[in-house]
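Colleague: My questions concern the predicted model and sequence given below.
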Amino acid sequence: QKEVEQNSGPLSVPEGAIASLNCTYSDRGSQSFFWYRQYSGKSPELIMFIYSNGDKEDGRFTAQLNKASQYVSLLIRDSQPSDSATYLCAVNGLGSSASKIIFGSGTRLSIRP
Amino acid sequence: GAVVSQHPSWVICKSGTSVKIECRSLDFQATTMFWYRQFPKQSLMLMATSNEGSKATYEQGVEKDKFLINHASLTLSTLTVTSAHPEDSSFYICSAYTGDPYEQYFGPGTRLTVT
């Protein structure tokens, strides 16, 4: 079982709608969860991190974490064409590897005008 | 915000030669730096963890004699791809870690093409 799993997509969403991206992780002891955005040919940029159960909002982005279900999601409201990118879910490692970030395979998001 | 640079941003080399990639944290000291590799349409795969003044820790399946990592200071780590082959062509990305779990900053990446 992969440590971090995402649907590869592509996920196509009309402009102005809500895009919902999902991720599951295997290590129940994971503490920190990240969403990165990566444009083609560029390195990832951090959108949000979350470490407590529930929702965390930042502008048009909302991260949701459910540790019991080992599930983390990202909602993008009022989707814009500039949101078209690959979204990477990531979790931190455990114990002595806590500084490591383990990435999922990413979900390609396409916002259609 | 914190800035991490990589040099060069892209490089083309011939098969059998070695290539050195530098990763620098410009305005902070990084206790740990990570090196990732990303093939087209795939996710980032962690290659190794680099701590200043000590040997790098390589992930399973990564050849430590082929990918030499040196972390000479708290602001500089280098990755040398030795005897490069076309299958080593990839996007190499470093990240620098400050010690705070939420503060890991990525460099812009280096695209390596081996002909």
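Modeller: Here it is on my side, so go on. Residues are numbered from 1 along each chain as shown, chains lettered A, B, ... in the order given.
Colleague: Look up how far chain A lies from residue B:74.
Modeller: 15 Å (CB to the nearest CB, to the nearest Å). Placement of C-beta: from N, CA and C, glycine included.
Colleague: How about residue B:6?
Modeller: 8 Å.
Colleague: Residue ranges in chain B under the pLDDT threshold?
Modeller: Scanning chain B for pLDDT under 70 picks out B:1, B:101-102.
Colleague: Write out the residues of it neighbouring chain A.
Modeller: Remark: the part of chain B in contact with chain A comprises B:32, B:34, B:42-46, B:49, B:91, B:93, B:95, B:97, B:99, B:101-102, B:104, B:106-109, B:111, using CB under 8 Å from any CB of the partner chain.
Colleague: Residue A:52 sits in which helix or strand?
Modeller: Using DSSP states H and E, no element contains residue A:52; it sits outside every helix and strand.
Colleague: Any residue of stretch A:100-113 touching chain B?
Modeller: Yes - Stretch A:100-113 reaches chain B (CB under 8 Å from any CB) through A:100-106.
Colleague: Can you name the element that comes right after the helix or strand bottoming out on mean pLDDT in chain A?
Modeller: In chain A, the helix or strand scored least confidently by mean pLDDT, DSSP states H and E is strand A:101-103, which has a mean of 88. Next in sequence after strand A:101-103, counting helices and strands by DSSP H and E, comes strand A:107-112.
Colleague: JSON lines for the residues of stretch A:100-113 next to chain B, including distance to residue A:24 and neighbour count?
Modeller: JSON lines is the format used below for the residues of stretch A:100-113 next to chain B (distance: CB to CB, whole Å; neighbours: other CB atoms under 10 Å in any protein chain shown):
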{"residue": "A:100", "distance to residue A:24": "19", "neighbour count": "19"}
{"residue": "A:101", "distance to residue A:24": "16", "neighbour count": "26"}
{"residue": "A:102", "distance to residue A:24": "13", "neighbour count": "23"}
{"residue": "A:103", "distance to residue A:24": "14", "neighbour count": "22"}
{"residue": "A:104", "distance to residue A:24": "9", "neighbour count": "25"}
{"residue": "A:105", "distance to residue A:24": "12", "neighbour count": "17"}
{"residue": "A:106", "distance to residue A:24": "14", "neighbour count": "28"}
